[in-house]
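K.L.:
Predicted structure and sequence below. I'll ask about it afterward.
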Amino acid sequence: LMIRRPTRSTPSNSSAASDVYKRQLSQFKEKGIYVSFAETKNDFYDAMRRLNMDFTKLEEKGVFKFIDLVTVEPSALEEEINLIMQEIISFKPKYVVIDTITTLLQLLGREKVRIFLHTTLGRFVKAVGAVAFLIAEKPYGQDVIGYGVEEFITDGVIVLYCQKLNEILRRTMEIKKLRGRKIKRAQYEFAITENGIVFLEIPDLIMHDEECTNERITTGIDKLDEILGGGVFRDSITLIAGMSGTGKTTFGLHFAVANALQGKKVIYLSFEEQVGNLLRAARNYNMPIDDILGKTLEFHSWIPEAQTPVDFFMRIKKLFEKSPPDIFVIDSLTSIRRHMDPVELLKMIRYLQLLFKSNKVTTYMTLNIETEFDSVPYTDASTLTDNIIILKYKLVGNSVKLFLTIIKERASKHSRDILSLIHISEPTRPLYIS
C-alpha cells in the first residue's frame, strides 16, 4: 500500500510505474497491469515519457496493459471490477498497480473493498506470486486512509511526503510496515529526475580508527604556511570566515591552484560565483591557472536554491566517485545556509565531514560572517572543522585595513598574532601577509 500525503506533488503513481517499468524492461520477461481511476491512458503515457519511461513500447511487446477506469459510471463499477479480475487472471501479470483505491472506497464502501482486496485480489497475488501496489490518498489531519481496513490487510505500508523548504520541495518515503522483512532504515529521501525516481540513500560512513598523518598541505601562501606550522594537515577541514569582501574566495583560489600545480587533484565547488568569474580572478592575480585547468583542477558552479541538503551531498559524492580529489574547496557555505533548514544543513555538513575524512581529502570551506578576533564564530560548521581562519576589516587612522588571525588549529601550535594582509600583483604571490 503506497499512501500519498495530500499534495499532488508527491508522485506515488510515478514511483509505482517506475518500479514496474524497470523490472519489465529487463528483456521484457515480466508482465504488468496498471489499473487507473485517476488519469487516462494518454495522460499517463505522456507523463511517463517525460520521465524517460516508454510504456507504449512495453504494450507493443505484450508485457504491459493499462486499464482506464476514469470515465466508468459508479453503477457499473462492480461489474468492471469483475472484468478486471478476469483480465488479471488471463494475463497473469507479475505486477499489478491500482491507482487509486481511494476512489473504490468512496464508491463501494468498506465491506466491498475489504472483500476485493483481501479475498479477490489478495488470493490471486498469493497464488501466482505476484506483487500488488495499491495507491491511496491520505487526507489532511487524518491518521487513516478511507476506512482504515486497507492498512491492516496489506503486507506493506509506504507513506510518501512532500515538504516545502523555502524554494525547494523535499520528498521523502517512510516505510511504516513491511511484513516478514527487517526494516534497516525507515525513511529515505527521493527525487524525481529525467530518469524516473531516484532514492538519495546516505551510505554508511565510518570514522576510521587508523592513525592520522602529520603530512602538511600548502595553503598557497608562504607566510600563512609558516604561521600554521608548515601548512594545514592533510585530510583536515579549514574554515575561512569573514565578512563580504575580505578575500575568502581569494584564499580558496590560492589553496586550489597551488596544490593543483603540485599535481594534486583539486575540485573547486562554488555556490556564489560563475566559473568564468573565478577564472578571471585567478588570471588577474597572475595565477598560471590555464596550465592546470581541466587537468588537475576542475571548477563547478551550482545553484543552492535548486537542491535539498541530501541531494547536495549525493551530488558531491558523485564527484568523488567520478574523479577522486585530494583537495576540495566549497565556496561558500553562506549561500547554502540561506536556503536550507538549519538542522538539515548541519546534517549535510556532518555527512560531508565524514566523506572528506574517510577519503583523506583536505578541504577549504568559506563562510560569510561578521565576527571578532577574540571569539570563535558560532556556526554550524565551526565545531566540525579542524582549523578556523578569521578575516576582518579594521579602521586604522583614516584607512580601512584587512587583518587575519588563526583562532583554531586542531592538534597543532599556531601563531595567535593578528596579522595584516597586503594585496600585490607579483606573479605566483598575489597575496602577501605581513
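P.N.:
It's in. Numbers count the residues shown, from 1 in each chain.
K.L.:
For residue 255, see how far away residue 349 is.
P.N.:
Residue 349 sits 19 Å away from residue 255, going by Cβ to Cβ, to the nearest Å. Yep, even glycine has a C-beta here, placed from its N, CA and C like the rest.
K.L.:
Between those two, point out the one with more neighbours.
P.N.:
residue 255 (27 against 24; other Cβ atoms under 10 Å).
K.L.:
who does the helix or strand harbouring that one touch, helix- and strand-wise?
P.N.:
Secondary structure from DSSP states H and E places residue 255 in helix 248-261. Judged by 3 or more Cβ pairs under 8 Å, 6 or more residues apart in numbering; DSSP states H and E, helix 248-261 is in contact with strand 237-242, strand 266-270, helix 275-284, strand 297-301, strand 327-331, strand 362-368, strand 387-396, strand 431-433.
K.L.:
and it with strand 266-270, angle?
P.N.:
160 degrees (axes from the mean of the first three to the mean of the last three Cα atoms, to 10 degrees).
K.L.:
would you list every one of the strands in the stretch 1-150 of the chain?
P.N.:
Applying DSSP state E, counting those that start in this stretch to the stretch 1-150 of the chain gives strands spanning 2-4, 32-36, 64-68, 95-99, 131-137.
K.L.:
CSV please, covering those strands and showing distance to residue 249 and mean pLDDT.
P.N.:
Compiled in CSV, those are given as follows (distance: least, Cβ to Cβ, whole Å; pLDDT from 0 to 100):
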stretch, distance to residue 249, mean pLDDT
strand 2-4, 44, 62
strand 32-36, 51, 91
strand 64-68, 53, 91
strand 95-99, 50, 89
strand 131-137, 48, 86
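K.L.:
Let me know which of those is the nearest to residue 327.
P.N.:
Closest to residue 327 of the strands of the stretch 1-150 of the chain is strand 2-4 (Cβ to Cβ; 43.8 Å).
K.L.:
partner residues bridging residue 390?
P.N.:
Beta-bridge partners of residue 390, counted by DSSP bridges, are residue 241, residue 405.
K.L.:
Now do the contacts for the closest residue to residue 283 other than its chain neighbours.
P.N.:
Distance criterion Cβ to Cβ, 6 or more residues apart in numbering; nearest residue to residue 283, sequence neighbours excluded, is residue 289 at 6.3 Å. Contacts for residue 289 (Cβ atoms under 8 Å, 6 or more residues apart in numbering) come out as 257, 279, 282, 283, 297.
K.L.:
Read off the pLDDT value for residue 289.
P.N.:
Residue 289 is assigned a predicted lDDT (pLDDT) of 94.
K.L.:
and it, how far is that from residue 280?
P.N.:
Applying Cβ to Cβ to residue 289 and residue 280 gives a distance of 10 Å.
K.L.:
could you dump the contacts of residue 289 to TSV with pLDDT and distance to residue 70?
P.N.:
TSV is the format used below for these (pLDDT from 0 to 100; distance: Cβ to Cβ, whole Å):
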residue	pLDDT	distance to residue 70
257	96	60
279	95	54
282	93	59
283	93	61
297	97	55
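K.L.:
Redo the helices and strands packed on helix 248-261 as TSV? Include distance to residue 339 and mean neighbour count.
P.N.:
Output for these, formatted as TSV (distance: least, Cβ to Cβ, whole Å; neighbours: other Cβ atoms under 10 Å):
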stretch	distance to residue 339	mean neighbour count
strand 237-242	19	26
strand 266-270	15	23
helix 275-284	20	15
strand 297-301	15	19
strand 327-331	15	25
strand 362-368	14	25
strand 387-396	24	18
strand 431-433	30	17
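K.L.:
Any idea which of those gets closest to residue 56?
P.N.:
strand 297-301 (37.2 Å).
K.L.:
Just say helix, strand or coil for residue 272.
P.N.:
coil (DSSP: H, G, I helix; E, B strand; the rest coil).
K.L.:
so what secondary structure elements neighbour the host helix or strand of residue 335?
P.N.:
Following DSSP H and E, the helix or strand that holds residue 335 is helix 333-337. In this structure, helix 333-337 packs against helix 342-358, strand 362-368, with contacts taken as 3+ Cβ pairs under 8 Å, 6+ apart.
K.L.:
Any chance of TSV for these, columns distance to residue 41 and mean pLDDT?
P.N.:
Formatted as TSV, those follow (distance: least, Cβ to Cβ, whole Å; pLDDT from 0 to 100):
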stretch	distance to residue 41	mean pLDDT
helix 342-358	39	82
strand 362-368	51	93
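K.L.:
Those: which one's closest to residue 410?
P.N.:
Among the helices and strands packed on helix 333-337, helix 342-358 sits nearest to residue 410 (Cβ to Cβ), with 12.2 Å.
K.L.:
What's opposite the nearest residue to residue 259 once chain neighbours are set aside in the beta bridge?
P.N.:
For residue 259, ignoring the flanking residues on the chain, the nearest one in space by Cβ to Cβ, 6+ apart is residue 327 at 4.8 Å. Residue 327 forms beta bridges with residue 266, residue 362, as assigned by DSSP bridges.
K.L.:
Residue 327 is in contact with residue 253, isn't it?
P.N.:
No - with contact defined as Cβ atoms under 8 Å, residue 327 does not count as touching residue 253 (11.9 Å).
K.L.:
Against residue 246, how distant is the closest residue to residue 257 other than its chain neighbours?
P.N.:
By the measure of Cβ to Cβ, 6+ apart, the closest residue to residue 257 outside its immediate chain neighbours is residue 287, 4.8 Å from it. Separation of residue 287 from residue 246 (Cβ to Cβ): 19 Å.
K.L.:
For the residue lying closest to residue 244 once chain neighbours are set aside, list the residues it contacts.
P.N.:
In this structure, residue 244 finds its nearest non-sequential neighbour in residue 368, 5.7 Å apart by Cβ to Cβ, 6+ apart. Contacts for residue 368 (Cβ under 8 Å, 6+ apart) come out as 242, 243, 244, 248, 332, 334.
K.L.:
of all those, which two lie farthest apart?
P.N.:
So, the contacts of residue 368 by Cβ to Cβ: farthest apart are 243 and 332, at 11.9 Å.
K.L.:
These two: which is more packed in?
P.N.:
Neighbours were counted for residue 243 and for residue 332 using other Cβ under 10 Å; residue 332 has more, 24 against 13.
K.L.:
I'd assumed residue 367 was in contact with that one.
P.N.:
Yes - judged on Cβ under 8 Å, residue 332 makes contact with residue 367 at a distance of 5.9 Å.
K.L.:
Give me the common contacts of those two.
P.N.:
Joint contacts of residue 332 and residue 367 (Cβ under 8 Å, 6+ apart) are residue 248.
K.L.:
What is the nearest of the contacts of residue 368 to residue 354?
P.N.:
Nearest to residue 354 among the contacts of residue 368, with distances taken as Cβ to Cβ, is residue 332, at 20.7 Å.
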